[in-house]
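**Student:** here is a sequence with its predicted model. Questions after.
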Amino acid sequence: MRLHPGETGAVDWRVVTLLGAVRQLRDASPDVMGRPRVIAVDGRGGAGKTTLAEQLCKAVPNSAVVHTDDIAWNHAYFDWGSLLVENILQPLRRGEAVDFRPEAWITHNRPGSIAVPAGADFIWVEGTGIIREELAPWLDASVWIQGDLDEQERVSAVRDGDSPEQLEHVANWLLEELPFMLREQPWARATMIVAGPPRIGHAPDTELVIAPPTSP
C-alpha cells in the first residue's frame, strides 16, 4: 500500500460487523446523555468517507450525516473549524436542531441549508480534516479511513475529472492537505481505523475491516 510520507500503516486488521464497529465507537463515549453522539469520519480524498458515513447512518436508526464539504464550500480548504463548532457542533451539544446557511452559500446563491433534526442519537460528521486537535473536545469518537494512495487518486479522477482546472484545484489542495495531515496525524488520534480497499475477506454490506490507531 502506498501512503503519503509521514502516515503510519495500520496493523492488526480484523473483521467486525458494522454494528460491532458502532458499539465500539459508542463505548468510546459511554457518558453521553441528552444529546447525540458526534462521530467523525476522516480520510483523504477518494478514501470512501461519504460512502462509509452513509452506510453507518443507514445501519443506525435515528442518525444523520453532516458533510464538512458543505461547511468548506467556497470558504476554505481546511480553515473551517470554528465555523463548524459555532454553527453545528455547539447546537448539537446543547441538544438543539441545526439549520445553518453559511455566508458563502448566501454570497453564491446556493439554495438550501445544512439541517440536522433535534433528537438524533448519532451524528456522523464526514470530511477530510475533521479529526484535528481543535475539534477534539466536540467529537465523541472518530474513524480514519486508510487506503492506498494510488487507488484514492484513481477514484478522485473518475469522480471529479482531470481537466486543467481540476488538476490545479488538486495541486492547491495538496499544498494545504499535506502539512495539515503531518501536523494533526489523524490516524494516531482516531478511535479506530477502517480499511479503504479490502485487506481481509469480508461482507462489505454488513462488515468492516478495522485496526487500532497507529502511533506516529
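**Tutor:** Good, I have the coordinates. For clarity, every value in this text was computed on a predicted model and none was experimentally measured.
**Student:** contacts for stretch 3-19, please.
**Tutor:** 1, 24, 44, 55-56, 59, 146, 148-149, 178, 181-182, 185, 187-188, 193, 195, 199-202, 206-212, 214-216 (C-beta atoms under 8 Å, 6 or more residues apart in numbering). Placement of C-beta: from N, CA and C, glycine included.
**Student:** low-confidence ranges in this structure?
**Tutor:** 173, 216 (pLDDT under 70).
**Student:** restrict the longest helix anywhere in it to CA atoms and write it as PDB.
**Tutor:** When the chain is parsed with DSSP state H, its longest helix is helix 164-184. Only the C-alpha atoms of helix 164-184 are listed here, as PDB (Å, rounded to 0.1, in the frame of the first residue of the first chain):
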ATOM      1  CA  PRO A 164      -6.700  21.600 -16.200                       C
ATOM      2  CA  GLU A 165      -9.000  23.400 -13.700                       C
ATOM      3  CA  GLN A 166      -9.400  20.300 -11.600                       C
ATOM      4  CA  LEU A 167      -5.700  19.400 -11.700                       C
ATOM      5  CA  GLU A 168      -5.000  23.000 -10.500                       C
ATOM      6  CA  HIS A 169      -7.500  22.500  -7.700                       C
ATOM      7  CA  VAL A 170      -5.900  19.200  -6.600                       C
ATOM      8  CA  ALA A 171      -2.500  20.800  -6.600                       C
ATOM      9  CA  ASN A 172      -3.700  23.700  -4.500                       C
ATOM     10  CA  TRP A 173      -5.500  21.300  -2.200                       C
ATOM     11  CA  LEU A 174      -2.400  19.200  -1.600                       C
ATOM     12  CA  LEU A 175      -0.300  22.300  -0.700                       C
ATOM     13  CA  GLU A 176      -2.600  22.600   2.300                       C
ATOM     14  CA  GLU A 177      -3.500  19.000   3.000                       C
ATOM     15  CA  LEU A 178       0.000  17.500   3.200                       C
ATOM     16  CA  PRO A 179       1.300  19.800   6.000                       C
ATOM     17  CA  PHE A 180      -2.100  19.700   7.800                       C
ATOM     18  CA  MET A 181      -2.100  15.900   7.900                       C
ATOM     19  CA  LEU A 182       1.500  15.700   9.100                       C
ATOM     20  CA  ARG A 183       0.700  18.200  11.900                       C
ATOM     21  CA  GLU A 184      -2.600  16.600  13.000                       C
END
